[in-house]
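1. Need coordinates for the below:
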Amino acid sequence: MGAATIALGKPAESGELILERRRRLASELSDILEKGGRLLDLGCGNGAQTELFVDRFEQVVGVDVQSEPMAGSNVPAQWVTAMGEALPFRDASFDAVISFEVLEHVVSPVRTMRELHRILKPGGTVLISVPNKWW
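-> So this is what the prediction gives:
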């Protein structure tokens with residue numbers, strides 16, 4: 001049995017319809033994603049979706065397995081290169097986590113979800129979206 005590999009996705013670019021869909025989803029859940037605290041964007045890609053949330057939180061951290069797309073971002077966030085299964089953050093260090101169309105790309109969705117639970121503060125919020133083949 002060989003080592004597991006990651007199927008990398010294409011980050012959404014500014015102006016793409018999918019970003020508007022994600023913004024609408026988050027605004028519909030604005031009572032859940034209240035302003036303040038720390039937000040982690042898992043699978044942030046080039047930062048285009050992260051930018052939709054920077055005005056809602058005191059600190060925003062974008063995480064992706066590739067550092068190149070984040071390098072050119074002008075979004076005021078901290079950028080971290082890491083895998084979802086091994087996040088380099090303390091326990092209970094984020095108030096909210098968002099992750100759009102990422103879980104289908106990770107080596108272990110279960111380990112990734114455990115990591116998100118570990119870094120989330122008690123009472124925190126996780127907003128996850130995965131592809132729907134009928135959408």
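
2. what pairs with residue 81 across the strands?
-> With DSSP bridges as the criterion, residue 81 is bridged to residue 64.

3. those helices in the chain, which residues are they?
-> 17-28, 68-71, 109-119 (DSSP state H).

4. Would you mind telling me which of those is nearest residue 92?
-> Closest to residue 92 of the helices of the chain, according to Cβ to Cβ: helix 109-119, at 7.1 Å. (C-beta placed from N, C-alpha, C; glycine too.)

5. centre of the chain versus the closest one, how much separation?
-> 12 Å (Cα atoms, centre = their mean, to the nearest Å).

6. just the CA coordinates of that helix, formatted as PDB?
-> Only the C-alpha atoms of helix 109-119 are listed here, as PDB (Å, rounded to 0.1, in the frame of the first residue of the first chain):
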ATOM      1  CA  PRO A 109     -11.100  13.900   6.700                       C
ATOM      2  CA  VAL A 110     -11.600  12.300  10.100                       C
ATOM      3  CA  ARG A 111      -8.100  13.400  11.300                       C
ATOM      4  CA  THR A 112      -8.700  16.900   9.900                       C
ATOM      5  CA  MET A 113     -12.100  17.200  11.700                       C
ATOM      6  CA  ARG A 114     -10.400  16.100  14.900                       C
ATOM      7  CA  GLU A 115      -7.800  18.800  14.400                       C
ATOM      8  CA  LEU A 116     -10.500  21.400  13.800                       C
ATOM      9  CA  HIS A 117     -12.200  20.300  17.000                       C
ATOM     10  CA  ARG A 118      -9.000  20.500  18.900                       C
ATOM     11  CA  ILE A 119      -8.100  24.000  17.900                       C
END
